[in-house]
Each structure stands twice: as structure tokens, then as C-alpha cells.
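*Asks:* Okay, here's the prediction I keep looking at, along with the sequence it came from:
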Amino acid sequence: MASFLESTTAFATKAIHAGQGSEHRSDTQVVPPLSLSSTHRWDAPGELRGHEYIRLGNPTRDALENALASLEDAKYAKTFPCGLAAAYCLMSFCNPGDHILAADCMYGGVRKQLSLVHKSKHSIELDFADFKYVDEFKRLLKPNTKMVWIESPSNPKLEIVDIQTIVATTKEFNKNIVVCIDSTFASSYFQKPLNLGVDAVMHSMTKYLNGHSDVLMGCVMTNDEKIEEHLKFSQDVMGIVPSTFDCYMANRSLKTLPLRMEKHMENALAIAQFLESHPAVESVSYPALPSHPQHDVYKKQMTGMSGMIAFFLKGKLKNIKEFLGHLKIITLAESLGGCESLIEVPLVMTQRITSEEDLIRMGITVNLVRISVGVEDVKDLIADLEQALSAMTRAQK
Ligand SMILES: *Cc1c(COP(=O)(O)O)cnc(C)c1O
């Protein structure tokens, strides 16, 4: 069984069996147990059979990390208490004086960490660029550039970065530069950045990988031994590790990742098309729609798209509030990737920590709305949007 499993590349089979190790354990439980013991018995001083102390690793975390590595086609996976902690550990691979070149359009929390922690406290040189424009990107690579940070699809506007082009341009300049990606919006199901030449992939598992809005966790996957060593150091020496219970929950969630992602996409595509044809909607950004400006790049590097849609409404904050106030199923809340549909206004919610200057440059205006389409019945979701948009339009007259 072990050898057959090692040879399969089918995602759905790996999501359920990879790393679970039931064939290796002496007990007969099909599901890896929640192992809460903080320490393990030694046979004699210096003689240890398996695990030692919980910070250094435990059976539940191992099962999850092995599954994550398999799903991302990676040799190594490490888990962290949240997505921001995963980003922190990966970025701290850089030393004072090194330069990080990061994508302009990205998750506000990672942007804030880059500026307030890596730049201000760790003396990292930092630049942002719009990675859609390769010449601008190339101009900002420097002799001390150590890391390039991509986010694709990006938050909150669902822009797509051409991963292979960025990797090729970077490596041509200096093959030692580490290219990283925050792949949270794609999940491991729809995008395999390591196969496109990226050195390390980060996810906020709080989103699609766990997918039930009840766990806070992050992970990094890589094939690079030096990065893996650094991440292990972050766990063992810096103590940045997730809770075992959260590992158990996330491991359980991974088994339905393919089912959930297919449904997220099916629902989101129908909703994006509905929004695109609605008179109260100015424009829609969903990479799987032919109208998306980077639709060709999307088709080249992703096998599908998650449930994330951004759209601009015709109206001011007052009108947007009217629309949101009438929604009955879709919930006004931050976060994404769960079974339930969530909606938010980035300017006054998730991006409120971003400076006004940055918001203007990125085109994040008050009428930009972001939906995380869940896995409810899509007819109900469209009906909910339709009645709320009608209510908004009525009030505008
Ligand atoms: C949520 C999110 C993060 C941060 O993850 P946490 O688990 O909340 O720390 C980073 N990047 C993206 C794209 C996210 O959506």
C-alpha cells in the first residue's frame, strides 16, 4: 500500500491518504489520532525511538505536514501558528542588509509586516513593484536582492502575476535569489508554484486549506534544503509552532479539499457571470472569466480558480451599505475560503491598515467589494445578491 500510494499523483487520493501513515502505525486506527502528549518516553538516555518533545514535532503535526508536502508536490512542508507567522519565518531567511522585492498588490497584513518588521526592525531593504510590468520589476532587482515575494491571485483585486516570467527574470539576474509566493487564494488544488520554478510556497491555512473558518494556521512548502533547515530552526529554536488540535482539524479538512475547491469554483463562476451582466455592477474581476485582463496567464498557470471574486459597484459607501444590509445568506465578515459565503468592503475593512497613497495607486476604492463564495446552493446565493442589489438600486432612485 505504501509503495502504491507513493506512486500516485492523483490529488484526490493524496488528499485522503498521503502522510496519514495508517499502514505504518502499530494501532489499527484509519485516521491518525489526536496526539496531545507534550513529551515522549526514551528507551534509555541517548536512545530515542521516535518523537521527543512536542515543539520539535509530534505525530499529528507530522501527518499534516506530510500531507501538505504531497499536495504541493514538495519534499518539505512546515506548519506555523498562522499565515503571518509562516510569512515571518520564510522572510526571516533574509539577513540585515538583504533586499526584498515584493508585489505591490497583496494582503494588507503581509505588507504591514514587511514594512514594520522586516524593514524597520530587521534592516531589510524593501521595494514594492507592480509585477505585471516586468521591466519595472527588473529595474528594481539589486545586487543585494535576496528574496522576491509574489502574491497570486492577489488580494483584494484578484490580479494574476505571471509566475514563470518572474522566476525566469529573477534567476537570469541572480540564480541565488529566493522566489516565494503567497498562494493562499489558489490553494494547493488549483496552483502548483513549485512546478513553475518558485522556491517556496506559503499559505494561510486559515483560508481554503482548512476551509471551515475554525482554525488559524499557516504553512510553507519547499524543495530547497536550506530553506527547510531555516524553517525547522524557526520551529525548534524560535518556537513558532501551531497547536496540535489545529493540526488535527486541518488534516481532517484536507480530505475534502478537492470537493470543496471544485464547488467553490462552480459557484463563483456562476456568480461572477451574474454580476458581470447586472446593471448595478461596474466591473468584475474573476480570473476564470475571459474578461479578466490576465485570463491567458491564469489559463497557463492555474487549473481553476477559487471562490474569490472582486467587483466594483456603481455607488458610494451609502449605497454599498444599503446593498450589504439587505443580504440574508452572504455574511458581512473578513476572512475567506470557508464553506459559508462572506462579503466585505476592502477599503474600510481588510485594507484599512494600508496607507491612502498605496490604496490610490492600487485602485482600491470604496465601491470595491470582495466576495468569498462558499459552497451553498448557488441559486440561493444569486437570489440573495439579486434582491440586495435591487434594494440598493431602489434606494438610489
Ligand atoms: C489571511 C491571509 C494571510 C494571513 O494569514 P493568517 O492566517 O490570518 O495569519 C496572508 N496572506 C493572504 C493572502 C491571506 O488571505
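*Replies:* Cool, got the structure.
*Asks:* ok, for the closest residue to the ligand within the chain, nearest residue in space, not its chain neighbours?
*Replies:* Across the chain, no residue is closer to the ligand than G83, which sits at 2.2 Å (Cβ to the nearest ligand atom). All C-beta spots, glycine's among them, are computed from the backbone N, C-alpha and C. Nearest residue to G83, sequence neighbours excluded (Cβ to Cβ, 6 or more residues apart in numbering): S204, at 2.7 Å.
*Asks:* Can you read off the backbone torsions of the one you found?
*Replies:* Dihedral pair for S204: phi -80, psi 110, per degrees, to the nearest 10.
*Asks:* Over to H264?
*Replies:* Here H264 shows phi and psi, under degrees, to the nearest 10, equal to phi -60, psi -40.
*Asks:* Now do the same contact list for it.
*Replies:* Residues in contact with H264 (Cβ atoms under 8 Å, 6 or more residues apart in numbering) are Y208, S306, G307, V373, G374, V375.
*Asks:* Just confirm the residue nearest to G83 contacts P81, I think it does.
*Replies:* No - if you go by Cβ atoms under 8 Å, S204 and P81 don't touch, sitting 11.1 Å apart.
*Asks:* Looking at those two, which is more packed in?
*Replies:* More crowded of S204 and P81, by other Cβ atoms under 10 Å: S204, with 29 against 17.
*Asks:* check contacts around the more buried one.
*Replies:* Listed by Cβ under 8 Å, 6+ apart, the contact set of S204 reads C82, G83, L84, A86, Y107, D182, T184, M217, G218.
*Asks:* JSON lines please, covering the contacts of H264 and showing distance to the ligand.
*Replies:* Shown next, in JSON lines, are those (distance: Cβ to the nearest ligand atom, whole Å):
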{"residue": "Y208", "distance to the ligand": "9"}
{"residue": "S306", "distance to the ligand": "11"}
{"residue": "G307", "distance to the ligand": "13"}
{"residue": "V373", "distance to the ligand": "15"}
{"residue": "G374", "distance to the ligand": "16"}
{"residue": "V375", "distance to the ligand": "18"}
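*Asks:* Retrieve the pLDDT associated with the residue nearest the centre of the chain.
*Replies:* The chain has T184 as the residue nearest its centroid, 1.0 Å off, counting by Cα atoms, centre = their mean. We have a pLDDT of 98 for T184.
*Asks:* Which residue, other than its chain neighbours, is closest to it?
*Replies:* Closest to T184 by Cβ to Cβ, 6+ apart is S204, at 4.6 Å.
*Asks:* Which secondary structure element of this structure has the lowest mean pLDDT?
*Replies:* Lowest mean confidence among the helices and strands of the chain (mean pLDDT, DSSP states H and E): helix 2-7, at a mean of 61.
*Asks:* And the strands in the stretch 1-150 of the chain, which stretches?
*Replies:* Secondary structure of the stretch 1-150 of the chain by DSSP state E, counting those that start in this stretch: the strands cover 76-80, 99-103, 125-129, 145-151.
*Asks:* What average pLDDT does the longest one get?
*Replies:* Taken as a whole, strand 145-151 carries a mean pLDDT of 98.
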